[in-house]
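S.K.: Structure, please.
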Amino acid sequence: MLIDIEAFNRCRALVIGDLMIDEYLWGKVDRISPEAPVQVVTVTKKEFTLGGAGNVVNNIVSLRAKVSVIGVVGTGPDGYLLLKQFEELGVDISGIVQQKGRTTTKKTRIIAANQHVLRIDRETKEKLSDNTAGFIAAFIEEKIPDVDVVLISDYGKGIITRGLLSGLLSVAKKHRKIVIADPKGLDYSKYSGMSLITPNKKEAALVAGLEIVDEPTLYEAGEKILERIAVERLLITCGKDGMVLFDRDKKPHKIMAEARQVYDVSGAGDTVLAVFGLATAIGESFENSAYIANKAAGIVVGKMGTATVSQEELSCALNPRQDRHSLKRKNLPELVDLVKELKKRGKKVVFANGCFDLLHSGHIKLFSESRRLGDALIVALDNDESVRRLKGRGRPVINEKERVQILCALDSVDYVTIFSAGELENLIKQIQPDILAKGSNYSSQEVYGRELVEQSGGRVALIPVTDKISSTGIINNIRNG
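M.R.: Alright, predicted model coming up:
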């Protein structure tokens, strides 16, 4: 299926829902507590990601669409942390209310020896204050005319009330906007009037009041929900079995999932909501939107934790004939997420950087030897302006776009990114590679970024260079005839 994924760049989405912080505490277990028969976890690393409706937002940003958020957080450190993460993503947060006395929902997961040991939830389901509810209602009325699609992410934390949805659907109907909800709870009547709701199979079985054990009972559950709830359409997600789209007066439309290794299903529903919504926003049919969302879900379940999907990944999944090497090119936020995922799996990351203008045998040896030192090799490439500063007039002889394509075609290179002069330090700080690889024509002390890598627990590896060969020498030989 040929889909113009770049059309997402022009989309504007409004996400309304329960905002959360997902905290991960990574550690090791060496002993049992003398106070009680429980493991003692020594924490070695801590990280935060956006959860709940925040993960829907994160998926939309990853697909390069514009997004505004409506939600409520507290006034404590967790609320400010959540707002800061949104600001770093370039999200419109003018619809987020900081309500005094309210707890910002935070789920803390403790992981040791690659095992999920414990989860601690801090949350409140209290009713919103009248002032907060009034602000949200006014913001909805102001914002809906300017967006292409409205997405409801209900995690049952008190934001998505019957009154809020009633007012929202009235405004959306007036402006002919598509409204899609990922529902929660057993009473779906509050979603009446929605364009689509997206429960998973377990949720659909509970709401329909029957056990789903095969395709006939799945179809029966879908039809029962459509009979009881005045929604236009229903999408039941079925994990490894794909998803089924129910449309009134039509046969159920089944979309099969592709067989792939599943690492983590958390957050897949958020990806389905985000991608389905954006697909409808660019004019795709509901059947095509389900197909696209199914492809996206298949990508994120192959990643650890609450993950997102990029335009390049989705485009390649939808268009198999597309150049798959282009998937290797990553921007800095994508690389940071990739490295986090790799390290969660216990993988070692190697980093190399340079101009690589006119690739030669020395470069090939550098990459192949560097790759053997770890599980993934990231190559950072000076952009054209940076090469000109370093090498002088007439350089590079091969522009950055073509240099990226050449590097991406090498089996020894896993990911490629471009940086400009002055950005290398931040690049290394963000990625925190385990190994910084350089040719032995440098000394360890001369390697730029050595101190940064060592501060984060990594090391410098010097790859033996025996041949006296350089891009500059080759280019000068060509120029001199």
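S.K.: any weak-confidence spans in the stretch 201-350 of the chain?
M.R.: Screening the stretch 201-350 of the chain residue by residue with the criterion pLDDT under 70, one finds the ranges 258-266, 303-306, 320-326.
S.K.: how about the helices of it, start to end?
M.R.: Listed from the start of the chain, the stretch 201-350 of the chain has helices (DSSP state H, counting those that start in this stretch) covering 201-208, 215-228, 268-281, 286-300, 311-318, 332-344.
S.K.: Buried residues, the helix or strand hosting Phe48. List them.
M.R.: Secondary structure here is read from DSSP states H and E; on that basis Phe48 sits in strand 39-52. Applying a neighbour-count criterion of 16 or more other CB atoms under 10 Å, the buried positions in strand 39-52 are Gln39, Val41, Phe48, Thr49, Leu50, Gly51, Gly52. C-betas here are computed from N, CA, C, even on glycine.
S.K.: which one of the residues you listed is nearest Lys468?
M.R.: Thr49 (48.0 Å; CB to CB).
S.K.: and the nearest residue in space to the closest one that is not next to it in sequence, helix, strand or coil?
M.R.: Counting by CB to CB, 6 or more residues apart in numbering, the nearest residue to Thr49 once its immediate chain neighbours are dropped is Asp22, at 4.7 Å. Using DSSP: H, G, I helix; E, B strand; the rest coil, the structure places Asp22 in strand.
S.K.: and if you look at Leu118?
M.R.: The assignment at Leu118 comes out as strand when based on three-state DSSP.
S.K.: Tell me how many other residues crowd the closest residue in space to Ser315 that isn't next to it in sequence.
M.R.: Here the nearest residue to Ser315 in space, its sequence neighbours aside, is Ile5; by CB to CB, 6+ apart that works out to 4.5 Å. For Ile5, the tally of surrounding residues (other CB atoms under 10 Å) stands at 23.
S.K.: what packs against the strand holding Phe48?
M.R.: Contact here means 3 or more CB pairs under 8 Å, 6 or more residues apart in numbering; DSSP states H and E; on that basis strand 39-52 packs against strand 19-32, helix 53-62, helix 77-88, strand 105-112.
S.K.: In three-state terms, label the closest residue to Glu454 other than its chain neighbours for me.
M.R.: Here the nearest residue to Glu454 in space, its sequence neighbours aside, is Val460; by CB to CB, 6+ apart that works out to 7.5 Å. Recorded secondary structure, Val460: strand (three-state DSSP).
S.K.: In contact with Val460: list those residues for me.
M.R.: The contact partners of Val460, by CB atoms under 8 Å, 6 or more residues apart in numbering, come to Ile435, Leu436, Ala437, Lys438, Ser444, Val447, Arg450, Val453, Glu454.
S.K.: Which members of these are classed as buried?
M.R.: For the contacts of Val460, a burial check counting by 16+ other CB under 10 Å picks out Ile435, Leu436, Ala437, Lys438, Val447, Arg450, Val453.
S.K.: quick one: which helix or strand includes the nearest residue in space to the second one that is not next to it in sequence?
M.R.: In space, and not counting its chain neighbours, Leu436 is closest to Val453: 4.5 Å by CB to CB, 6+ apart. Under DSSP H and E, the secondary-structure element containing Val453 is helix 450-455.
S.K.: thinking again about what came up before, ok, now which ones touch the residue nearest to Thr49?
M.R.: By CB under 8 Å, 6+ apart, the residues touching Asp22 are Phe48, Thr49, Leu50, Gly51, Asn55, Lys106, Lys107, Arg109, Gly305, Thr306.
S.K.: Can you lay out those residues as JSON lines showing distance to Glu385?
M.R.: Rendered in JSON lines, the data for the contacts of Asp22 read as follows (distance: CB to CB, whole Å):
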{"residue": "Phe48", "distance to Glu385": "34"}
{"residue": "Thr49", "distance to Glu385": "34"}
{"residue": "Leu50", "distance to Glu385": "34"}
{"residue": "Gly51", "distance to Glu385": "39"}
{"residue": "Asn55", "distance to Glu385": "36"}
{"residue": "Lys106", "distance to Glu385": "43"}
{"residue": "Lys107", "distance to Glu385": "44"}
{"residue": "Arg109", "distance to Glu385": "43"}
{"residue": "Gly305", "distance to Glu385": "36"}
{"residue": "Thr306", "distance to Glu385": "36"}
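S.K.: For those, work out which two are farthest apart.
M.R.: Using CB to CB, the two most remote members of the contacts of Asp22 are Lys106 and Gly305, lying 15.4 Å apart.
S.K.: wait, is Gly71 part of a helix?
M.R.: No. Residue assignment for Gly71, taken from three-state DSSP, gives strand, which places it outside any helix.
S.K.: Any idea what it is bridged to?
M.R.: Following DSSP bridges, Gly71 is listed with bridge partners Ile96.
S.K.: isn't it right next to Asp92, touching?
M.R.: No. In this structure, Gly71 is not within contact of Asp92 by CB atoms under 8 Å, at 12.0 Å.
S.K.: between those two, who's got more neighbours?
M.R.: More crowded of Gly71 and Asp92, by other CB under 10 Å: Gly71, with 26 against 17.
S.K.: so what's the more buried one up against?
M.R.: Under the criterion of CB under 8 Å, 6+ apart, the neighbours of Gly71 are Ile16, Gly17, Asp18, Leu19, Ala53, Gly95, Ile96, Val97, Ile159.
S.K.: separation between it and Ile3?
M.R.: 30 Å (CB to CB, to the nearest Å).
S.K.: what number of residues lie near Asp298?
M.R.: Just so we're on the same page, residue 298 is Gly rather than Asp. Residues within reach of Gly298, counting by other CB under 10 Å, total 20.
S.K.: got a list of what Ser192 touches?
M.R.: By CB under 8 Å, 6+ apart, the residues touching Ser192 are Ile229, Ala230, Val231.
S.K.: What is the burial count for the first one?
M.R.: Yep, that's Ile229 we're talking about. Residues within reach of Ile229, counting by other CB under 10 Å, total 19.
S.K.: Over to the one 5 residues further on?
M.R.: The local packing of Leu234 (other CB under 10 Å) involves 25 other residues.
S.K.: any idea how far the residue nearest to it when sequence neighbours are not counted is from Glu287?
M.R.: Here the nearest residue to Leu234 in space, its sequence neighbours aside, is Phe246; by CB to CB, 6+ apart that works out to 4.2 Å. Here Phe246 is placed at a distance of 11 Å from Glu287 (CB to CB).
S.K.: who's more crowded, the two?
M.R.: Taking other CB under 10 Å, Phe246 and Glu287 do not tie; Phe246 has more neighbours (22 against 12).
S.K.: wait, isn't the more buried one in contact with Ile229?
M.R.: No. Under the contact definition of CB under 8 Å, Phe246 does not touch Ile229, with a separation of 11.1 Å.
S.K.: where in the stretch 51-200 of the chain is pLDDT low?
M.R.: Along the stretch 51-200 of the chain, no part satisfies pLDDT under 70.
S.K.: follow-up on the earlier one: which one of the helices and strands packed on strand 39-52 has the most crowded surroundings?
M.R.: Greatest average neighbour count among those goes to helix 53-62 (a mean of 28), per mean count of other CB atoms under 10 Å.
S.K.: Mind giving me the packing neighbours of that helix?
M.R.: With contacts defined as 3+ CB pairs under 8 Å, 6+ apart, helix 53-62 has these neighbours: strand 12-17, strand 19-32, strand 39-52, strand 66-73, helix 77-88, strand 149-153, helix 268-281.
S.K.: and Ala257, which of the ones you listed is closest to it?
M.R.: Shortest distance between Ala257 and the helices and strands packed on helix 53-62, using CB to CB, is found for helix 268-281: 10.5 Å.
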